[in-house]
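# Starting from these lines, generate the structure:
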Amino acid sequence: MLDVVPMFSTPIGIEKNFISENERKDLYNDIEKINHYDHGALEGNAKSTKNNKSIKLNENIMLRLKQAITDYTNIYGLDGTLKIAEIWTNIQNKGSKLIEHTHPDSVISGALYINTESNSKIYFHNPNPYIMFTQVPSNKNEYNSQYYWFNVLNCQLFLFPSWLKHGKNDIVNDMNNRIVISFNVIRDFIKQKKDRL
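Below is the predicted model of the structure:
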């Protein structure tokens, strides 16, 4: 009998109701008050606070976020002390696109969905650069797909390795005020050094 070993798996962490509906509404109202600007990962009628003023998450949400990151890194097998380096918001309107990209200089990245529709998706791309040189498979699965998508819901959290390409150049957003909170997690080398002393 043939054994199949799933090598080089890529973990995606998903928590369906990471925040409550009331927390989502409060964050939505806070985000609408912040100035958003053009950003290279967004095309069309879309803006971001990346590299500008970030959203402040309350202490309770931050504690839960840090715990979710710890749970994820334990499953992923990442060691070392990590910290959230930056948090920003994106607002996409009808006709905009999220360009395929990665998050350099970080270890883990995440997306928390604040305002989206049931047909909205997040796309992740196969990190194997040679997958497109193989024959087109008749039965697409996790071993041969060039990309995979998930439907996203309000209040849902996604965690993924920062090197994993996400977004989809040919997918056009069909709603106004699609709001996502994004963040990057980096290694805290200063704390690691202190812990060793």
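# Would you state the predicted confidence (pLDDT) at residue 32?
For residue 32, the model assigns a pLDDT of 93.
# Run a quick neighbour tally on it.
By the criterion of other C-beta atoms under 10 Å, residue 32 has 13 neighbours. Every C-beta, even on glycine, is put in place using the N, C-alpha and C of the backbone.
# and if you look at residue 75?
Residue 75: 11 neighbours (other C-beta under 10 Å).
# That one and residue 6: what is the separation?
With the distance defined as C-beta to C-beta, to the nearest Å, residue 75 ends up 15 Å from residue 6.
# Would you map the helices across the chain?
21-32, 59-76, 189-196 (DSSP state H).
# Okay, now the unreliable bits of this protein?
53, 135, 189-197 (pLDDT under 70).
# which residues in it form strands?
13-15, 42-43, 46-48, 82-92, 97-98, 108-115, 121-125, 147-151, 157-161, 178-187 (DSSP state E).
# Take the ones you listed and write them to TSV, including distance to residue 22 and mean neighbour count.
Output for the strands of the chain, formatted as TSV (distance: least, C-beta to C-beta, whole Å; neighbours: other C-beta atoms under 10 Å):
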stretch	distance to residue 22	mean neighbour count
strand 13-15	17	16
strand 42-43	28	20
strand 46-48	25	20
strand 82-92	18	20
strand 97-98	27	20
strand 108-115	13	22
strand 121-125	24	18
strand 147-151	23	14
strand 157-161	16	21
strand 178-187	16	21
